[in-house]
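A.B. asks: just the structure for this:
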Amino acid sequence: MAEKSKGEYMGRELAEGPDAVTRTIREAVDQVKAAASLLKELEANGVKRGYVIGSGTSFHASLFLQHLFSKYTDFHLAAVPASEFTEWRPAKGKYFIIGYSQSGESSDIVEAFNVARTMGVKTIAITNTFGSTLSRISDAAIVTRAGEEKAVAATKTFDVQLAAALALVYTLTGKVFSEIERASEAAREVLAKKNLLREVAERYVKAEHAFSLGRGAGYPIALEAALKLKEAAMVHAEGFAVREFLHGPLQLVDEGTPVFLFAPSRASFEASIKALERIAGYKAPIILVGPKASEFKDYASYSLEVTGAGEDANVIPLVKVAQVFAFYISVLKGLDPDKPTKLSKVVKY
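C.D. replies: Residues are numbered from 1 along each chain as shown. The predicted structure follows:
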């Protein structure tokens with residue numbers, strides 16, 4: 001049998017993301033409706049407070065879901081890392097839990113759900129694994145359709161987590177899924193530009209530090225972009241909300257520190273101009289990613305434009321840029337992004 005090339009799994013799986021998004025919103029629609037029905041029942045009974053939990057990449061999906069719930073519904077949803085939930089959960093009052101886990105077997109989130117069951121708390125799981133522990137112990141479960149993911153660094157499974165979040169909130173609010181379909185196509189267009197992303201990666205392959213910034217729906221994507229650079233490419237990278245970057249971390253930038261800005265809309269770019277001007281003043285190379293990015297190229301070293309699909313749905317092509325960039329940085333450094341030496345796919349200890 002031929003030896004697997006470095007990054008074979010991650011490269012293939014990040015390319016499978018758009019199709020996985022399309023399958024998820026078409027095939028999991030009944031599960032999404034059931035989860036939405038449970039939430040409406042809770043709301044009718046006066047339960048409007050909830051928590052969404054996850055670990056690592058799944059926590060970033062949790063933040064995105066919190067953003068959507070705050071923007072479009074009357075529910076009060078707070079994102080908490082799964083490992084911290086036992087310390088943060090309220091001692092009294094009615095609430096519900098939504099949990100993200102790609103495997104459905106992560107010990108932190110399974111423990112949180114088991115505790116919730118003993119307290120009569122309703123739970124909704126969003127997982128990529130049929131028959132997983134999490135799906136079996138939940139009151140409702142949305143099983144995404146990414147298929148098996150072999151690379152340790154999550155790519156297509158994060159894509160479908162974002163899609164599930166959009167589908168759930170769109171179902172609650174009566175919004176159609178067409179924006180998610182368009183976002184999937186926009187992610188395919190990102191993949192068609194992978195040679196351009198490789199060129200950018202070649203320019204910054206020796207960077208030891210990087211920052212990724214985001215605003216609104218782009219903030220969880222900034223966090224995920226930084227995580228991918230750490231996991232796959234062994235780059236010290238940190239993600240921040242755009243304006244928060246000025247409150248301390250700015251001290252660390254110089255002409256060798258690439259700074260990404262993931263903006264889901266033209267308005268996000270406009271609201272970030274003052275911060276961009278400040279960062280550019282220290283000669284840091286800035287890479288803009290988002291719809292209408294080329295309109296703001298005067299503030300940056302590179303502008304990578306993605307096709308707009310709707311401000312919130314634009315997270316799907318935005319994160320595809322981050323995934324492809326981290327992949328190329330990794331392989332250009334001679335690493336194997338499929339198998340980070342200190343990480344495992346599922347944390348059970």
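A.B. asks: low-confidence regions, the stretch 201-349 of the chain specifically.
C.D. replies: The stretch 201-349 of the chain contains residues with pLDDT under 70 at 342-349.
A.B. asks: ok, 80 please
C.D. replies: Applying pLDDT under 80 to the stretch 201-349 of the chain flags the ranges 340-349.
A.B. asks: just give me the neighbour total for the residue nearest to residue 231 when sequence neighbours are not counted.
C.D. replies: When the adjacent residues along the chain are set aside, residue 231 lies closest to residue 153, with 4.5 Å between them (CB to CB, 6 or more residues apart in numbering). To be clear about C-beta, it is placed using only N, CA and C from the backbone, and glycine gets the same treatment. For residue 153, the neighbour count with other CB atoms under 10 Å is 31.
A.B. asks: got the domain boundaries for the protein?
C.D. replies: The chain resolves into domains spanning 8-182, 185-332 when parsed by automatic domain parsing.
A.B. asks: looking at these, which is nearest to residue 338?
C.D. replies: Residue 338 lies closest to domain 8-182 among the domains of the chain, at 4.4 Å (CB to CB).
A.B. asks: in a helix, residue 126, correct?
C.D. replies: No: applying DSSP: H, G, I helix; E, B strand; the rest coil, one finds residue 126 to be strand, outside a helix.
A.B. asks: list the contacts of it.
C.D. replies: With contact set as CB atoms under 8 Å, 6 or more residues apart in numbering, residue 126 has these partners: 61, 98-101, 141-142, 144, 161, 164-165.
A.B. asks: any chance of JSON lines for the domains of the chain, columns distance to residue 338?
C.D. replies: Formatted as JSON lines, the domains of the chain follow (distance: least, CB to CB, whole Å):
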{"stretch": "domain 8-182", "distance to residue 338": "4"}
{"stretch": "domain 185-332", "distance to residue 338": "9"}
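A.B. asks: ok, and the most crowded of the contacts of residue 126?
C.D. replies: residue 100 (35 neighbours).
A.B. asks: what sits opposite that one in the beta ladder?
C.D. replies: Beta bridges link residue 100 to residue 126 when assigned by DSSP bridges.
A.B. asks: do you know how far it is from residue 246?
C.D. replies: Distance, residue 100 to residue 246, by CB to CB, to the nearest Å: 30 Å.
A.B. asks: and the strands in this protein?
C.D. replies: Taking DSSP state E as the criterion, the chain contains strands spanning 49-54, 76-81, 96-101, 122-127, 140-143, 209-214, 236-241, 259-262, 286-290, 302-305.
A.B. asks: relative to residue 26, which of those strands is closest?
C.D. replies: strand 140-143 (13.1 Å).
A.B. asks: so what does the closest one touch, helix or strand wise?
C.D. replies: Counting contacts by 3 or more CB pairs under 8 Å, 6 or more residues apart in numbering; DSSP states H and E, strand 140-143 is packed against helix 29-44, strand 122-127, helix 133-136, helix 156-173.
A.B. asks: repeat that with 6 Å
C.D. replies: helix 29-44, strand 122-127 (3 or more CB pairs under 6 Å, 6 or more residues apart in numbering; DSSP states H and E).
A.B. asks: now render those as TSV, adding distance to residue 330 and mean pLDDT.
C.D. replies: Output for those, formatted as TSV (distance: least, CB to CB, whole Å; pLDDT from 0 to 100):
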stretch	distance to residue 330	mean pLDDT
helix 29-44	34	98
strand 122-127	27	97
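A.B. asks: ok, how many other residues are close to residue 230?
C.D. replies: The number of residues packed near residue 230 is 18, by other CB under 10 Å.
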